[in-house]
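Asker: quick check, what structure comes out for this input:
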Amino acid sequence: QLQLVESAGGLVQPGGSLRLSCAASGFTLDHYVIGWFRQAPGKEREGVSCMSRSGGHTNYADSVKGRFTISRDNSKNIVYLQMTSLKPEDTAVYFCAGFSLQFDVCALSPSPYTYWGQGTQVTVSS
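Answerer: Residues are numbered from 1 along each chain as shown. Here you go, the predicted model:
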């Protein structure tokens, strides 16, 4: 059974940092595209960052470029999202997701992703 489980989020002050992790089971990450998404109340789910199956290609939403970093530990089968310089507008439920793809690219659109974690709340507030 393929599963993705996010770590707990939390409450962070503006300007602070937080690292989310996404643990995969039932499959190895280097065969899948992995993405991070977020959804704020009343808004559509948006792509934050993604990583190709090789890890060689990454992409970021303009709103998080320079502040968020996606990375992967193949030995632990975990993908991370390091978030720095957090802003109140980063407040959302964050999801990791994955899908199998032959090509070594990734996507920020949620539509091709077939496996989703349960989501974790990140709140940026003073």
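Asker: report the central residue of the chain.
Answerer: Centroid check for the chain by C-alpha atoms, centre = their mean gives Trp36 as the closest residue, at 2.1 Å.
Asker: so what's the closest residue to Ser125 other than its chain neighbours up against?
Answerer: Spatial nearest neighbour of Ser125, chain neighbours left out: Pro88 (6.2 Å); criterion: C-beta to C-beta, 6 or more residues apart in numbering. For glycine as for every other residue, the C-beta is placed from the backbone atoms N, C-alpha and C. By C-beta atoms under 8 Å, 6 or more residues apart in numbering, the contact list for Pro88 reads Pro14, Val124, Ser125.
Asker: confidence score at Pro88?
Answerer: Note on Pro88: pLDDT of 97.
Asker: same deal with the one 10 residues further on?
Answerer: Confidence at Gly98, expressed as pLDDT, is 96.
Asker: just the element for it, please.
Answerer: In the assignment (DSSP states H and E), Gly98 maps to strand 92-100.
Asker: then Ile34?
Answerer: Applying DSSP H and E, one finds Ile34 within strand 32-39.
Asker: since that was my last question, I'll sign off now.
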